[in-house]
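Trainee: kindly generate the corresponding structure for this input.
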Amino acid sequence: MHNVVHQTAVLGENVKVGYFSVIEEGVKIGSDVIIGNNVTIHAGVTIGDGVYICDNSVIGRWPRPAKASTVKVDANLEPLVIGVGTTIGAGVVLYRGSRFGREVMIGDQASVREKCHIGDQVVIGRGVAVENEVKIGSFTKIQTNAYITSYTTLEERVFIAPTVTTTNDNFMGRTKERFKFVKGPLVKKGARIGGGSILLPGITVAEETFVAAGCLVNKDTEPAKLYVGVPARTLRDVPEREKLENQE
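Mentor: The predicted structure follows:
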């Protein structure tokens, strides 16, 4: 099989490992786990029962920022934890120091950086980039090619459409003053963000807000309002039938 499994790795019952995969020291893998071809699982990773990892994925790698980066590597990062029943697509990269809940779905070629906390039954679509220190609540869905910047919080049951962009730095790297202001958006429970929209640094998208496609959200929104345009403006209320409390 040409696999490399460290002698300290612990594998549960009925674990299947494809060709040319590497499992490093101290890895703990639950039962009924399927690991594809050419997968690397870095030291200390914990993987729950019933997890599926597709080909060419890298699980639990240490961050290695550029010399010019303002991100400093925490030498005490905890190992990556992947919850029961999670599915990890092909070519996915997951960093050390993050935690994934139960039954998460991660699409092909997505990446999730260090110090992220992902709730249960979250969907992270194909090509999504989740930067460091992001919090994502349970049942939230992030669709293809969205960008979730550092220090962003998405609460439970948020919907992020394809190619949404979040931002966290109004100074765009030109001043030292910016460090105390760097902050991603807070998107509150049940909010929906339409395709191609942009959320500016530090704004709060209120509960049940509906942001239409292509909006530029440059200030806090009001709960249960529909926003359109550039910059985003209120159009009307969100219909009662569309609110979470009225869903079956």
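
Trainee: show me the residue sitting in the middle of this structure in space.
Mentor: The residue lying closest to the centre of the chain (Cα atoms, centre = their mean) is V130, at 4.5 Å.

Trainee: show me what the lowest-mean-pLDDT helix or strand in the chain is packed up against.
Mentor: The helix or strand of the chain with the lowest confidence, counting by mean pLDDT, DSSP states H and E, is strand 4-5 at a mean of 88. Using 3 or more Cβ pairs under 8 Å, 6 or more residues apart in numbering; DSSP states H and E, the elements in contact with strand 4-5 are strand 22-23. From N, CA and C alone the C-beta is placed, and that goes for glycine too.

Trainee: helices and strands around the strand it packs on, which ones?
Mentor: Counting contacts by 3+ Cβ pairs under 8 Å, 6+ apart, strand 22-23 is packed against strand 4-5, strand 40-41.

Trainee: to L94, which of those strands lies closest?
Mentor: strand 40-41 (9.8 Å; Cβ to Cβ).

Trainee: list the neighbouring strands of that closest one plus their orientation.
Mentor: strand 22-23 (parallel), strand 58-61 (parallel) (DSSP bridges).

Trainee: export those strands to CSV and tack on mean pLDDT and distance to L11?
Mentor: Shown next, in CSV, are the strands paired with strand 40-41 (pLDDT from 0 to 100; distance: least, Cβ to Cβ, whole Å):
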stretch, mean pLDDT, distance to L11
strand 22-23, 97, 8
strand 58-61, 98, 14
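
Trainee: mind putting those in CSV, distance to I160 and mean neighbour count included?
Mentor: Shown next, in CSV, are the strands paired with strand 40-41 (distance: least, Cβ to Cβ, whole Å; neighbours: other Cβ atoms under 10 Å):
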stretch, distance to I160, mean neighbour count
strand 22-23, 33, 21
strand 58-61, 23, 21
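
Trainee: do you know which of the ones you listed lies nearest R157?
Mentor: strand 58-61 (27.0 Å).

Trainee: still on that earlier bit, got the strands paired with strand 40-41 as TSV, with distance to V211 columns?
Mentor: What follows is those, written out as TSV (distance: least, Cβ to Cβ, whole Å):
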stretch	distance to V211
strand 22-23	42
strand 58-61	33
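
Trainee: stretch 43-63: which residues count as buried?
Mentor: For stretch 43-63, the buried set under the neighbour-count rule, 16 or more other Cβ atoms under 10 Å, comprises 43-61, 63.

Trainee: among the residues you listed, which are in strands?
Mentor: Among those, DSSP state E puts T46, I47, Y52, I53, V58, I59, G60, R61 in strands.

Trainee: look up how far P201 lies from the second one.
Mentor: Put plainly, it is I47. 35 Å (Cβ to Cβ, to the nearest Å).
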